[in-house]
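>>> the amino acid sequence is not available; the structure is as follows:
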């Protein structure tokens, strides 16, 4: 099926294959996140402390895990929404996606930094930078693909393109906000990312209202 | 193929994609479980003890591994049976599934807690809560999808829907039972989960008998 | 596509889905094997020893890695050859496959035991038992599916069925041989498994010759 | 779909299945790379050092991660470009691919060696050898498949075959160069691999110009 597309005959690469690799890397990164909360057990010296206290102490790790999992899920959803409209690929587009994957695969490391150094603003800035770069690459992916309808259907609605560009700006802006907050309170900055799933529907609704006017 | 469904054109998301991500996360979580039994080798100090004694000591870890693997396999089977009938998805349904994945990916951590603290009721309650939440999310997934035939075929048999709801209640109830038992005997509580593959066919058979009356 | 098979409508499960989960677990188990040769770096105390000596010391770990990788690849090939002919599944068949997956996912642990205790016959017996059980489950999978043409095409050649049964007996027999050798020389026993890729073509060729007579 | 190919009926194996396993192993190897930069956190003794200094110290690990990720991505692209033209498989071709997968799965280990011993030429030679073998297996895969149009379309353009052979020679040659440089400067040798994505388009362009003459 993928083998019949005329674009693929030039580069030997279809969007289908990029999607398959991306799905794999998302699934693995989301599952590897769990290793970021396993460390305490490995240091056997802590066996004297009761498990109850240990788990309470680790609670911020469980929170980091949950936040990173949700953030990765949002990127995964956005990725599929973009690729639903992207019909072709080319060399530059392929590399935008490979760099995206590189920073997706880095999320378990950034999360483990947050979990190990919850009160340190350096870890908060590192995590925020990871998300900022991811958000910008995701936005770049959309802008590059839709500019002059380069890799999308020539009939794709311009308003739809603009809406998705606006949605794509949410994550980078929230990451910048969280990095600002982390100077004051590294701990609190983690929760700022939960604004992403809240703000995206807001942007969508406002846009629909405007359209209705 | 997935790209032609009319529902997908609105959300950019098909059940096909959720199933692919879910399959990936199940496969990885089931394979990562094995890391929960590798810890003793990592602490090189134990090299003095004979391997034979070490393996006997670790036997409860192998048991934890096997039980968690079987439980994940049951959830995987149930997931596919549900999605065999679920034809569409929507925003809420997508998030029910993302939270399900979050607690599936957490199972290797819960299992390693059980393996490291086999006699501690806190680890048994943690593991039980993980399964209770998973079971309830799975049940919610089915109820949400079938209520008013929201995401399933409009002709799907009501008796079939009711049967699957009853089957979906087995895991949460067994998890509650296991958590109760864990107050008395944390070790024994692990084996309670083996009731799940025993009880599901019982519920199915009873339902078929009733139908035959 | 998978959703139209008449058997699947009863169990909600197709061979296609089992194959996808199996492919995932094979890919992950084969890649996780590499973690079995990472341990020395983690124990930072060894940094004083030169890397050159460390790698030579670790050579048996690289060998264990290569042997386990090849053995898993052989099981993967055999699995696909079996499922090429298996057209349906049922409850018992599903559970034979889930137990197969459980012992495939265990291979990285067995390999790390071999790597950590190369001179210990206990680790050799553990590894051999893992392969013996895998080999027997794989054979059982084929016998169960082909008995009375239960899950295969009714026209599938009986000689072909018998040949694959004979090929399926190679791995369990080699595993038993290796376990026997391990009593005398645990180190040497690892290399016995390389008989599997050598013996399978021999069985195939002999069978073809017999047919030609 | 895969089940109808006439070649597959002989070996029970299609290129489709090899591609699926390969995609899985690439995705996992690329994501496991991140574990090679997690070590410092695990050694809890370093908690006294500030995270800022720790990250700067670890910078070479982040570089190793990025280089290995890019190299794996290049191999993944090349693999798909080759399999776009490879229509069949046979026993020898299958084993060339299994050995390729073995050395792809080894990359996270080689990368962690580079990360742990950045100034040691032994780790640079080990990493270089891993890439040299991978590059040669990839080249062998192409030569074996195209020799006498063994596994490709009989009408596949000979110039195209020759071009891909020349592109396939880039990685082994760069690996040899990097291994040479590593004798003088192990650190610098890592960056040599970035020549691969630079040289491949050069070879492609030169070939197109020659064609145009």
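Noted; the coordinates are in hand. This structure is a prediction, so every number in the text was calculated from the model and none was measured.

>>> nearest spatial neighbour of residue A:113, chain-adjacent residues omitted?
What sits nearest to residue A:113 in space, not counting adjacent residues and going by Cβ to Cβ, 6 or more residues apart in numbering or on different chains, is residue A:123, at 4.3 Å. (C-beta placed from N, C-alpha, C; glycine too.)

>>> surely residue A:195 touches residue A:174?
Yes: taking Cβ atoms under 8 Å as the definition, residue A:195 is a contact partner of residue A:174 at 5.1 Å.

>>> just want the most central residue of chain A.
Residue closest to the average C-alpha location in chain A (Cα atoms, centre = their mean): residue A:75, at 3.7 Å.

>>> ok, that residue to residue D:28 distance?
Distance of residue A:75 to residue D:28, given as Cβ to Cβ, to the nearest Å: 19 Å.

>>> one more: residue A:66?
Noted for residue A:66: a distance of 23 Å to residue D:28, by Cβ to Cβ.

>>> so those two - more neighbours on which side?
More crowded of residue A:66 and residue D:28, by other Cβ atoms under 10 Å in any protein chain shown: residue D:28, with 29 against 16.

>>> so what secondary structure elements neighbour the strand or helix carrying that one?
Using DSSP states H and E, residue D:28 sits in helix D:15-32. With contacts taken as 3 or more Cβ pairs under 8 Å, 6 or more residues apart in numbering or on different chains; DSSP states H and E, helix D:15-32 sits against helix A:15-32, helix A:91-105, helix C:15-32, helix D:59-85, helix D:91-105, helix D:107-116.

>>> so which residue of chain A comes closest to chain B?
Relative to chain B, the nearest point of chain A is residue A:27 (2.9 Å; Cβ to the nearest Cβ).

>>> check the burial of the residue lying closest to that residue once chain neighbours are set aside by counting its neighbours.
Excluding its sequence neighbours, the residue lying closest to residue A:27 (Cβ to Cβ, 6+ apart) is residue B:24, at 2.9 Å. Neighbourhood size, residue B:24 [other Cβ under 10 Å]: 26.

>>> from residue C:64, how far out is residue B:24?
For residue B:24 relative to residue C:64 (Cβ to Cβ), the value is 27 Å.

>>> who's residue A:152 bridged to?
Residues in a beta bridge with residue A:152, per DSSP bridges, are residue A:86.

>>> pull the number of nearby residues for it.
Number of residues near residue A:152 (other Cβ under 10 Å) recorded here: 20.

>>> pLDDT value on it, please?
Note for residue A:152: predicted pLDDT of 93.

>>> rewinding a little: single out the most deeply packed of the helices and strands packed on helix D:15-32.
helix D:107-116 (a mean of 25; mean count of other Cβ atoms under 10 Å in any protein chain shown).

>>> contact partners for residue A:190?
The contact partners of residue A:190, by Cβ atoms under 8 Å, 6 or more residues apart in numbering or on different chains, come to A:63-64, A:67, A:114, A:124, A:127, A:178.

>>> wait, which of those is closest to residue C:153?
Residue C:153 has its nearest neighbour among these in residue A:67, at 50.9 Å by Cβ to Cβ.

>>> return the distance of that closest one relative to residue B:100.
Separation of residue A:67 from residue B:100 (Cβ to Cβ) stands at 17 Å.

>>> sorry, back to before: isn't the residue nearest to the centre of chain A right up against residue A:138?
Yes: here residue A:75 reaches residue A:138: they are 6.6 Å apart, a contact under Cβ under 8 Å.

>>> for residue A:145, see how far away residue A:66 is.
As judged by Cβ to Cβ, residue A:66 and residue A:145 stand 31 Å apart.

>>> let's see the pLDDT reported for residue A:39.
pLDDT for residue A:39: 44.

>>> ditto for residue A:211
Note on residue A:211: pLDDT of 60.

>>> compare residue A:195 and residue A:174 (neighbour count), which wins?
Neighbours per residue (other Cβ under 10 Å) separate residue A:195 from residue A:174, with residue A:174 holding more: 23 against 16.
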